[in-house]
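Participant: Provide a 3D model corresponding to the input given below.
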Amino acid sequence: MVVNVGIVGVGTYAPEALETAADLAPLTGIPEAILREKMGIRQRHVAGPEDTISVMATRAAERAIRNAGIDPAQLDLVISHGSEHKDHLVWNAAAKIQHNLGAVNAQAFEVYALCAGAPIAIQAARGIMAADESIRYALLTAASRENDLVNLKNERVRFMYNFGAGAGAFVLKRDATENLILGASVITDGALSETVTLSHAPDVVGDDRQRGDLRGRLDVNAPEFMAERLGESSLPNFVRVIREAVEKGGARLADVRFLGITHMKASFYREILAAIGLTPEQSVYLEDYGHIQSADQAITLELGLAQGKIRPGDVVVLAGAGVGYTWSAVALRWGPADAFSKPLV
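Facilitator: Reported below is the predicted structural model:
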């Protein structure tokens, strides 16, 4: 028996403090025009001391729950798929989020796949809900303030200068009749597993400021190898996971009408869209948010809906990639199930 699982609520949160391209130019040594036009950073949100991972994830989750029109006590499952740079080390943030929400009937745990986490968490929750009829509502939420871990003077991590802070959340429903999950796909290239790690080296850290329980900042260990391998594989891997996610749901790549994808440099973003037959009008570029790890997909979906870029019957794909290196995608059919032009498999 096919068990339909769909997204019935979406919510996001962004801290009020902003850094614009003009603010970042003197900090990075990169001209403002390059930051804006090539790196796609018009502005990014910056977390304050009060914006911990559990707090931001809770804020986004509260909005998703309201959007779904349910009570937190109706949740049966809470999954946190956000940053490992969280309130405490070696700690289950999902339990704190569950407590904050008053989701007293929900089990809570984490799923971690860095910036590829959202499609993977959606597919994991879908499988759990299909296998266990007692799990009727699931909350997936992710928050990140990974920009804390980037030294803006370290040129090896220039591709991380777009990191921002914020959160996103989804509410999933078992036996849903709208916004159904069609399929998902994941690729991992373990040869890149240690190319980006946390370092304590003085030139990487830049200062000796401690960030909660965490010391150190992110660094690239093999920049030439990473650049070469990603140059060869990233575009085809993105196209592959997007195509496979769609095809697993009985649709075709040509059926995709909207792509919500991780923030990246503008030229590569446009290249991916062209490769799957879409235009920028069929997506949302997060130039006013930056890259907020696995919250990007909820933000793009919320913005796509607000901007009227997603219509009933559309095949929607949410995609991401994270160091490690993993590419992921999940396909949805948006709108009421009875409005679909073809039956789901």
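
Participant: please make it C-alpha for all contacts and neighbour counts, starting now.
Facilitator: Will do.

Participant: domain parsing for the chain?
Facilitator: 5-178, 181-336 (automatic domain parsing).

Participant: mind putting those into CSV with mean neighbour count and mean pLDDT?
Facilitator: Conversion of the domains of the chain to CSV gives the following (neighbours: other C-alpha atoms under 10 Å; pLDDT from 0 to 100):
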stretch, mean neighbour count, mean pLDDT
domain 5-178, 21, 97
domain 181-336, 20, 95
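
Participant: can you map out the strands along the stretch 151-300 of the chain?
Facilitator: Assigned strands in the stretch 151-300 of the chain, in chain order: 166-174, 178-188, 196-199, 217-220, 256-261 (criterion: DSSP state E, counting those that start in this stretch).

Participant: how near is the residue nearest to residue 102 when sequence neighbours are not counted to residue 63?
Facilitator: Distances taken as C-alpha to C-alpha, 6 or more residues apart in numbering put residue 72 closest to residue 102, at 6.0 Å, once the chain neighbours are dropped. Using C-alpha to C-alpha, to the nearest Å, we find residue 72 at a distance of 11 Å from residue 63.

Participant: what of residue 333?
Facilitator: Taken as C-alpha to C-alpha, the spacing of residue 333 relative to residue 63 amounts to 22 Å.

Participant: ok, residue 288 next?
Facilitator: Look at residue 288 and residue 63: by C-alpha to C-alpha, they are 20 Å apart.

Participant: next: residue 272.
Facilitator: Using C-alpha to C-alpha, we find residue 272 at a distance of 31 Å from residue 63.

Participant: go on, residue 240?
Facilitator: Using C-alpha to C-alpha, residue 240 is found at 33 Å from residue 63.

Participant: now do residue 247
Facilitator: Relative to residue 63, residue 247 is positioned 31 Å away (criterion: C-alpha to C-alpha).

Participant: residue 37 now?
Facilitator: Counting by C-alpha to C-alpha, the gap between residue 37 and residue 63 amounts to 32 Å.

Participant: for residue 119, same thing?
Facilitator: When C-alpha to C-alpha is applied, the distance between residue 119 and residue 63 equals 20 Å.

Participant: do the same with residue 23
Facilitator: Computed as C-alpha to C-alpha, the residue 23 to residue 63 distance reads 30 Å.

Participant: in this protein, where's the longest helix?
Facilitator: Secondary structure of the chain per DSSP state H: the longest helix is helix 223-247.

Participant: so what touches that one?
Facilitator: Helix 223-247 is contacted by residues 156, 182-187, 192, 195, 252-253, 256, 271-272, 275-276, 317, 319, 327-331 when judged by C-alpha atoms under 8 Å, 6 or more residues apart in numbering.

Participant: give the contact list for residue 74.
Facilitator: If you count contacts by C-alpha under 8 Å, 6+ apart, residue 74 has them with 103, 105, 137.

Participant: so what's the last one bridging to?
Facilitator: It stands for residue 137. Beta-bridge partners recorded for residue 137 (DSSP bridges): residue 173.

Participant: thought it was touching residue 171?
Facilitator: Yes. Judged on C-alpha atoms under 8 Å, residue 137 makes contact with residue 171 at a distance of 6.8 Å.

Participant: and the residue nearest to residue 182 when sequence neighbours are not counted, how close does it get to residue 331?
Facilitator: Leaving out its chain neighbours, the residue that sits closest to residue 182 by C-alpha to C-alpha, 6+ apart is residue 249, at 4.2 Å. When distance is defined by C-alpha to C-alpha, residue 249 is 8 Å away from residue 331.

Participant: distance of the residue nearest to residue 138 when sequence neighbours are not counted relative to residue 9?
Facilitator: Closest residue in space to residue 138, ignoring its immediate chain neighbours: residue 77 at 4.6 Å, by C-alpha to C-alpha, 6+ apart. In this structure, residue 77 and residue 9 are 14 Å apart, going by C-alpha to C-alpha.

Participant: what of residue 243?
Facilitator: Taking C-alpha to C-alpha as the measure, residue 243 falls 25 Å from residue 9.

Participant: equivalent analysis for residue 257, please.
Facilitator: To residue 9, residue 257 is 20 Å away according to C-alpha to C-alpha.
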